[in-house]
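Engineer: predicted coordinates and the sequence they were generated for:
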Amino acid sequence: MADRAMQALHLLALEPIAETWADKNSYGFRIERSTADAIEQCFIVLARWLAAQWIFEGDIRACFDLISHLWLRKYIPMDKIILNQWLTAGYMEKDAFHQTKEGTPQGGIASPTLANMTLDGLERVVKDAVSRRDMVNFIRYADDFVITGASKEVLVQKVKPAVESFLRDRGLELSPEKTRITHINDGFDFLGFNVRKYGGNLLIKPAKKGTERFLNDIRGTIKANAMSKTEKLIRRLNLKIKGWSYYYRHVVAKKTFSYVDDAIFKAIWRWARRRHPNKSASWLKSKYFRRQALRDWIFFARTHDRDNEPELLDLFKASSVAIKRHIKIRGEATPYDPAFKDYFIMRKQRNKLSGKRKITKKTQPPEASSTTNVNGTETPGHHTNGL
């Protein structure tokens, strides 16, 4: 604990420097930035009809584990003795001590900042290697990045050599297996999203692989709670479903949300059948599902609130989440620059208003009081296309 506290203390001094040096289009492990900003930047640079058509999908091989200690000691502006202790502290795994001769500290709270500072400058190097007509744009989240280009030749002959040279100086290299160059009509996956043009229209959706992983996790949770109380199962599922659906609420996700709801319902139905193999379908429906207004087959449990008043707890539906376009942070904005103080205050106020949940009263229907339902339709704009 003392070591982590000391690392946090040094990070307080290092983080403002890292923010000042950071690339404008770096979004991972930075204050006030998120994957939503990175994905929105993808839309900004790729949505136009005459936008770049080719994408360089960069994957750095074992980035956090292979960063050169020599480079870190030379260029990270902090106490060199402390930094060296961080880098060479080693780590324990399966009761065995392992020395660290390269890479950032395993699980260290300063490791993401050190990695960011190592990769900062890549955007500038890439831009310096090309001309404006090459239509090159750079977007990075931690050690994942994409670079756009007017042609495949630009990315192969100009961008890739510049990236490889930059990484080589830091003890890093691209992963040949995962680094690829893709046409926008074929699409690419980035941060769990699929970015692709359909007939000239750019659509950003939840990636299929990520969606299936999520559903497999949900099915696993249901199977692991075969004999649990219904209330316990619903609460566990709601945490997962809410987190997943809110992550994708800024893109074309309504069809995927409906698909996920349907898949979860089928898994729940199998769960109920296994619990009561000798009961009829009508009996199972009356025990585990209810109807309210036009909604039917609502998976629910009877429970009590904090005042011990009876209430109904419903399974959260991904499709109840409203789609709302994210407003990207300004590239040059940092909370450590006083010039952006008012900007961040306004941004937080806007986010609070857009994310505000409806406050329900006990006199309202049980469904509204027991779950957080955000109802609405697609917001006019690019995310309504193709639904």
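Structural biologist: Structure received.

Engineer: give me phi/psi at residue 138?
Structural biologist: phi -120, psi 130 (degrees, to the nearest 10).

Engineer: roughly how far does it sit from residue 186?
Structural biologist: Distance of residue 138 to residue 186, computed by Cβ to Cβ, to the nearest Å: 20 Å. All C-beta spots, glycine's among them, are computed from the backbone N, C-alpha and C.

Engineer: neighbour-wise, which of the two wins?
Structural biologist: For residue 138 and residue 186, the more surrounded residue by other Cβ atoms under 10 Å is residue 138, and the numbers stand at 24 against 9.

Engineer: you'd agree that one is up against residue 149?
Structural biologist: No. Residue 138 is beyond contact range of residue 149, at 10.5 Å (criterion: Cβ atoms under 8 Å).

Engineer: who touches residue 148 in this structure?
Structural biologist: Shown in contact with residue 148 (Cβ atoms under 8 Å, 6 or more residues apart in numbering): 45, 46, 51, 52, 54, 55, 56, 135, 136, 137.

Engineer: okay, the closest residue to residue 6 other than its chain neighbours: pLDDT?
Structural biologist: Closest residue in space to residue 6, ignoring its immediate chain neighbours: residue 82 at 7.6 Å, by Cβ to Cβ, 6 or more residues apart in numbering. pLDDT for residue 82: 92.

Engineer: so which helix or strand takes in residue 82?
Structural biologist: helix 80-87 (DSSP states H and E).

Engineer: in helices, which of the contacts of residue 148 appear?
Structural biologist: Within the contacts of residue 148, residues falling in helices by DSSP state H are 45, 46.

Engineer: so where do the strands sit in the stretch 101-250 of the chain?
Structural biologist: Along the stretch 101-250 of the chain, counting by DSSP state E, counting those that start in this stretch, strands occupy 137-141, 144-149, 180-183, 188-190, 193-198, 201-206.

Engineer: for residue 338, find the nearest of those strands.
Structural biologist: strand 137-141 (26.0 Å; Cβ to Cβ).

Engineer: if we can go back for a sec, count of neighbours near the residue nearest to residue 6?
Structural biologist: By other Cβ under 10 Å, neighbour count at residue 82 equals 13.

Engineer: could you pull out the strands in the stretch 251-387 of the chain for me?
Structural biologist: With strands called from DSSP E, counting those that start in this stretch, the stretch 251-387 of the chain shows them at 289-292, 295-304, 310-314.

Engineer: nearest to residue 223, out of these?
Structural biologist: That would be strand 295-304 among the strands of the stretch 251-387 of the chain, by Cβ to Cβ, at 15.8 Å.

Engineer: mind listing residues that contact the closest one?
Structural biologist: Residues contacting strand 295-304 (Cβ under 8 Å, 6+ apart): 229-231, 234, 265, 268, 285, 288-292, 310-315, 367, 370.

Engineer: same deal with stretch 333-343?
Structural biologist: Contact with stretch 333-343 is made by 15, 16, 19, 20, 22, 31, 32, 330, 344, as judged by Cβ under 8 Å, 6+ apart.

Engineer: burial measure for the closest residue to residue 77 other than its chain neighbours, as a count.
Structural biologist: For residue 77, ignoring the flanking residues on the chain, the nearest one in space by Cβ to Cβ, 6+ apart is residue 17 at 5.9 Å. The local packing of residue 17 (other Cβ under 10 Å) involves 15 other residues.

Engineer: look up how far residue 176 lies from residue 102.
Structural biologist: Distance from residue 102 to residue 176, by Cβ to Cβ: 20 Å.

Engineer: okay, those two: which has more neighbours?
Structural biologist: Set side by side, residue 102 and residue 176 show more neighbours around residue 102, with 16 against 9, by other Cβ under 10 Å.

Engineer: list the buried ones in stretch 141-156?
Structural biologist: 141, 142, 143, 144, 145, 146, 147, 148, 149, 150, 154, 155 (16 or more other Cβ atoms under 10 Å).

Engineer: just send the residues you listed back as a markdown table, with distance to residue 122 too.
Structural biologist: Formatted as a markdown table, those follow (distance: Cβ to Cβ, whole Å):
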| residue | distance to residue 122 |
| --- | --- |
| 141 | 13 |
| 142 | 12 |
| 143 | 11 |
| 144 | 12 |
| 145 | 7 |
| 146 | 12 |
| 147 | 9 |
| 148 | 14 |
| 149 | 15 |
| 150 | 20 |
| 154 | 17 |
| 155 | 14 |
